[in-house]
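Enquirer: mind looking at a prediction? Sequence and model below.
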Amino acid sequence: MRLTSLAFMLASVFASSAYSSSTVASVPNAAELTAQVESKVIAWRRDLHQHPELSNREFRTSKVIEQHLKSLGLEVQTGIAHTGVVAILKGGKPGPLIGLRADMDALPVTEVVDLPFASKATDTYRGQKVGVMHACGHDTHVAMLMGVAENLVKVKDSLAGDVMFIFQPAEEGAPEGEQGGAELMLKEGLFAKRKPEQVFGMHVTSSMPTGVIGLRSGPAMASEDSFSIKVTGRQTHGSRPWSGVDPIVASAQIINSVQTIISRQVDITKAPAVVSFGAINGGIRSNIIPDEVELIGTIRTFDQDMRADIKIKLAEIATNAAKTLGATAVTEIQSGYPVTVNNPELVSKMRPVIASVVGDNMLIEPGLITGAEDFSYYALETPGMFFFLGVTPTDKDISQVASNHSPAFYVDESALKVGVQTMTQVALTALEAAQ
């Protein structure tokens, strides 16, 4: 998950549902199934955690997944979007196809957590040797979905429909010059032969206590776009600024003016938005005004129209602010992940299903998350639901623990059984309700 913030508003919310309690109870027992596979899930997670792999390089990970899925007798396809693995489980009765997705890639982070299975792996990232760590919990996602697959295979004869298991590479973004992730899987035909009628995903987070599930209807995670602004002036001696055009002062003017996009030019009562500068590069000496300065940053929004408007305003402000000082500014915007939107009807139906697993007091509605997720691409194709699983021990202060993407990110493994049982129950109920 691409993050800028994971601040959750822990306010419980429960809605009425088309799924009755009798419907939930009529499907196979997800708790019993999960109890049988829990130790395997933990073992898989520890193995994957000890052997993390960067985006589009998940070769060992995909092989582990492939071998397990084939051992279950599933139809398995490999090599989608480089290293992606997809398997189809055919139920014993006719019905819809649903999709369950887990992401696989690790991050260029050097682990500092003292674990017997801590990662010692290294790799090359942007030309530099780096540590590699599952600092966002994708190892748990893979292990839990492997467990869900085993659960559902055991009761396949009772399933009224089919299940597509999607093990996706490169959620954290493909390496420079490459494509990857959910967008590439779809381009390569993931849903071409048969599109799931519903798709579900889950993500662990240190921002909630162990076993708590966070589920939000509608926009849940932000879109993510990156930008660069190249400001060009005319180099001169620092003692004679009037002899040139100062791109540093022009850049400062651009940075200050861009702040008015959010504070004065968009309706933030409609949806929040963020424009942040992440780096300023220009100049080499104290007494030389350079020719050029580059600014880079990120845009986060929860509304597609607002997203488009901010991009236009950013370029206009950069051009005009630079022009007033005799400089020029060229803005390039690289579109990233769309807004992750949870289908309201699907959320309404599944909320009591999840509550039946974790209890009413353990199901909360999180606030909007300005991090981005490429699960959003699947949810643009078919109704989707993406929820969060807390993995921070209950005796820890949530405000003080390391966040996702930190070298100190820690997972309480007792949460894994909650994730497996919840996703199993969601899948079972989705297919049972389709009858």
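Expert: Received the coordinates, thanks.
Enquirer: ends of stretch 211-230, how far apart?
Expert: 47 Å (Cα to Cα, to the nearest Å).
Enquirer: buried ones in that stretch, by neighbour count?
Expert: For stretch 211-230, the buried set under the neighbour-count rule, 16 or more other Cβ atoms under 10 Å, comprises 211-217, 219-225, 227, 229-230. Bear in mind the C-beta positions are built from the backbone N, C-alpha and C, glycine included.
Enquirer: just checking, which of those belong to strands?
Expert: Among those, the ones falling in strands (DSSP state E) are 213-214, 219-221, 223-225, 227, 229-230.
Enquirer: quick one, helices of the stretch 301-435 of the chain?
Expert: With DSSP state H, counting those that start in this stretch as the criterion, the stretch 301-435 of the chain has helices at 304-323, 344-358, 375-381, 416-433.
Enquirer: strands of the stretch 51-200 of the chain, residue ranges please.
Expert: 75-80, 84-90, 93-103, 122-125, 128-131, 160-168, 198-209 (DSSP state E, counting those that start in this stretch).
Enquirer: given the first one, what are its sheet partners and their directions?
Expert: According to DSSP bridges, strand 75-80 forms sheet pairs with strand 84-90 (antiparallel).
Enquirer: what angle do the strand it pairs with and strand 160-168 make?
Expert: Interaxial angle of strand 84-90 relative to strand 160-168 (axes from the mean of the first three to the mean of the last three Cα atoms, to 10 degrees): 170 degrees.
Enquirer: show me which positions of strand 84-90 end up buried.
Expert: Using 16+ other Cβ under 10 Å as the test for burial, strand 84-90 gives 84-89.
Enquirer: okay if I get these as TSV plus pLDDT and distance to S286?
Expert: Converted to TSV, those look like this (pLDDT from 0 to 100; distance: Cβ to Cβ, whole Å):
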residue	pLDDT	distance to S286
G84	98	51
V85	98	54
V86	98	57
A87	98	60
I88	98	64
L89	98	65
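Enquirer: closest one of those residues to I255?
Expert: G84 (39.6 Å; Cβ to Cβ).
Enquirer: so that closest one makes contact with I166?
Expert: Yes. Under the criterion of Cβ atoms under 8 Å, G84 makes contact with I166 at 7.5 Å.
Enquirer: now tabulate the strands of the stretch 51-200 of the chain in CSV and tack on distance to M362.
Expert: What follows is the strands of the stretch 51-200 of the chain, written out as CSV (distance: least, Cβ to Cβ, whole Å):
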stretch, distance to M362
strand 75-80, 34
strand 84-90, 28
strand 93-103, 21
strand 122-125, 37
strand 128-131, 34
strand 160-168, 25
strand 198-209, 9
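Enquirer: wait, which of those is closest to K154?
Expert: Closest among these, once you apply Cβ to Cβ, is strand 84-90, at 10.7 Å.
Enquirer: now the closest one, how far from the centre of its chain.
Expert: 21 Å (Cα atoms, centre = their mean, to the nearest Å).
Enquirer: that one vs helix 416-433, what angle?
Expert: 50 degrees.
Enquirer: please save the CA atoms from strand 84-90 in CSV.
Expert: Only the C-alpha atoms of strand 84-90 are listed here, as CSV (Å, rounded to 0.1, in the frame of the first residue of the first chain):
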residue,chain,number,x,y,z
GLY,A,84,1.5,-12.9,-10.8
VAL,A,85,-0.3,-16.2,-9.9
VAL,A,86,-4.0,-16.8,-10.5
ALA,A,87,-6.0,-19.9,-9.7
ILE,A,88,-9.6,-20.9,-10.2
LEU,A,89,-11.7,-23.0,-7.8
LYS,A,90,-14.8,-24.4,-9.4
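Enquirer: now the buried residues of strand 84-90 in JSON lines, with distance to P366?
Expert: Converted to JSON lines, those look like this (distance: Cβ to Cβ, whole Å):
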{"residue": "G84", "distance to P366": "28"}
{"residue": "V85", "distance to P366": "29"}
{"residue": "V86", "distance to P366": "29"}
{"residue": "A87", "distance to P366": "30"}
{"residue": "I88", "distance to P366": "32"}
{"residue": "L89", "distance to P366": "30"}
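Enquirer: nearest to L190 among the residues you listed?
Expert: Checking these against L190 by Cβ to Cβ gives V86 as the nearest, at 6.7 Å.
Enquirer: skip the chain neighbours and tell me the closest residue to that closest one.
Expert: Nearest residue to V86, sequence neighbours excluded (Cβ to Cβ, 6 or more residues apart in numbering): Q77, at 4.8 Å.
Enquirer: flag every buried residue along stretch 88-103.
Expert: 88-89, 91, 93, 95-103.
Enquirer: make a markdown table out of these and add distance to E38.
Expert: Converted to a markdown table, those look like this (distance: Cβ to Cβ, whole Å):
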| residue | distance to E38 |
| --- | --- |
| I88 | 25 |
| L89 | 20 |
| G91 | 24 |
| K93 | 28 |
| G95 | 28 |
| P96 | 28 |
| L97 | 27 |
| I98 | 23 |
| G99 | 24 |
| L100 | 18 |
| R101 | 21 |
| A102 | 17 |
| D103 | 21 |
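Enquirer: of all the residues you listed, which two lie farthest apart?
Expert: K93 and D103 (30.2 Å).
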